[in-house]
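Asker: missing the sequence, but the structure's below:
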């Protein structure tokens with residue numbers, strides 16, 4: 001069986017090389033790209049960068065465990081950073097995001113890299129615009145922590161609805177309730193991305209990022225009511241639970 005290999009895009013593969021991140025005055029466009037992790041992909045360095053990219057490696061391990069599939073959903077695709085890899089894991093890939101602006105970056109990326117098996121859809125996770133039982137796999141990395149806790153059950157219900165009876169959910173989210181993670185996140189922004197910190201504290205900005213509003217425990221509880229957990233992988237060590245990649249299965 002052919003194994004999926006990680007393929008990361010370069011900043012130059014994106015529209016205008018993501019120059020909006022360099023602007024002195026953050027805009028709505030800037031904050032949407034921040035939410036889509038564009039800054040984290042291309043402006044972090046050292047251990048923080050390694051940890052951020054490690055998520056994808058662990059997700060690929062699950063994809064190779066599952067094997068080649070027919071239909072895959074990248075839920076909350078953002079700027080499509082994972083699409084070059086996901087396009088090799090399924091015959092058809094759907095890239096979903098709530099923001100049309102970030103989807104334009106995803107579309108342009110796939111066009112430049114000549115990726116032809118990805119379809120794009122604007123939509124909300126609380127009301128997925130897909131027919132029941134369409135997908136073999138849903139990949140949801142760094143998106144569920146942005147969902148209000150009271151809306152998580154609706155999101156998970158839709159995940160279950162659009163998955164096939166034996167479908168899989170690969171979900172990655174941080175231990176948002178952990179103090180050590182919060183300290184690490186703050187230090188990384190202060191040292192590596194001071195412009196982002198200044199923008200977050202600017203109460204006069206017209207656009208406020210969604211932020212992380214759901215804790216690991218809240219997300220776990222919502223998913224485990226509908227899915228069976230198959231495996232959990234931590235970025236570093238199970239006792240240093242910064243961020244976990246979980247493999248769930250429907251139908252158990």
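Answerer: Yep, that arrived. None of these values were measured; they are calculated from a predicted model.
Asker: rest of the way, CA atoms for contacts and neighbours
Answerer: OK.
Asker: tell me which residues form a beta bridge with the residue most central in space within the chain?
Answerer: The centroid of the chain falls nearest to residue 141 when counting by C-alpha atoms, centre = their mean (3.2 Å). Applying DSSP bridges to residue 141 gives these bridge partners: residue 172.
Asker: my guess is it contacts residue 174, does it?
Answerer: No: here residue 141 does not reach residue 174: they are 9.7 Å apart, not a contact under C-alpha atoms under 8 Å.
Asker: the helices in the stretch 1-150 of the chain, which residues?
Answerer: 28-35, 38-43, 46-66, 83-86, 100-112 (DSSP state H, counting those that start in this stretch).
Asker: Tell me which of the ones you listed lies nearest to residue 7.
Answerer: helix 83-86 (5.2 Å; C-alpha to C-alpha).
Asker: what does the closest one contact?
Answerer: Identification of contacts with helix 83-86 by C-alpha atoms under 8 Å, 6 or more residues apart in numbering yields 4-9, 74, 77, 93, 95, 110, 115, 118.
Asker: Okay, and which of the residues you listed map to strands?
Answerer: 74, 93, 95, 118 (DSSP state E).
Asker: out of those residues, who's nearest residue 227?
Answerer: Closest to residue 227, out of all of the ones in strands among the contacts of helix 83-86 and judged by C-alpha to C-alpha, is residue 74, at 18.1 Å.
Asker: Next, the contact list for the residue nearest to the centre of the chain, please.
Answerer: Residue 141 sits in contact with 75, 76, 170, 171, 172, 173, where contact means C-alpha under 8 Å, 6+ apart.
Asker: out of the residues you listed, which one sits closest to residue 54?
Answerer: residue 172 (11.1 Å).
Asker: got the contact list for the closest one?
Answerer: 55, 140, 141, 142, 143, 243, 244, 245, 246.
Asker: circling back: quick check: the residue nearest to the centre of the chain vs residue 114, distance?
Answerer: 24 Å (C-alpha to C-alpha, to the nearest Å).
Asker: What of residue 7?
Answerer: 13 Å.
Asker: Ok, residue 126 next?
Answerer: From residue 126 to residue 114 the distance is 31 Å (C-alpha to C-alpha).
Asker: What of residue 147?
Answerer: 32 Å.
Asker: tell me how far stretch 146-162 is from the chain's mean position?
Answerer: 15 Å (C-alpha atoms, centre = their mean, to the nearest Å).
Asker: Tell me the buried residues in that stretch?
Answerer: 146-149, 152-162 (16 or more other C-alpha atoms under 10 Å).
Asker: Name the nearest of the residues you listed relative to residue 51.
Answerer: residue 146 (19.4 Å).
Asker: The closest one: what's its closest spatial neighbour, skipping adjacent residues?
Answerer: In space, and not counting its chain neighbours, residue 146 is closest to residue 212: 4.8 Å by C-alpha to C-alpha, 6 or more residues apart in numbering.
Asker: what's the answer for residue 88, then?
Answerer: residue 4 (6.2 Å).
Asker: swap in residue 14?
Answerer: Closest to residue 14 by C-alpha to C-alpha, 6+ apart is residue 109, at 5.4 Å.
Asker: Among the buried residues of stretch 146-162, which lie within strands?
Answerer: Per DSSP E, the buried residues of stretch 146-162 never map to strands.
Asker: what's the lowest-pLDDT member of these?
Answerer: The member of the buried residues of stretch 146-162 with the lowest pLDDT is residue 146, at 89.
Asker: Pretty sure it sits against residue 213.
Answerer: Yes: under the criterion of C-alpha under 8 Å, residue 146 makes contact with residue 213 at 5.5 Å.
Asker: Before I go, just wanted to say thanks for your time.
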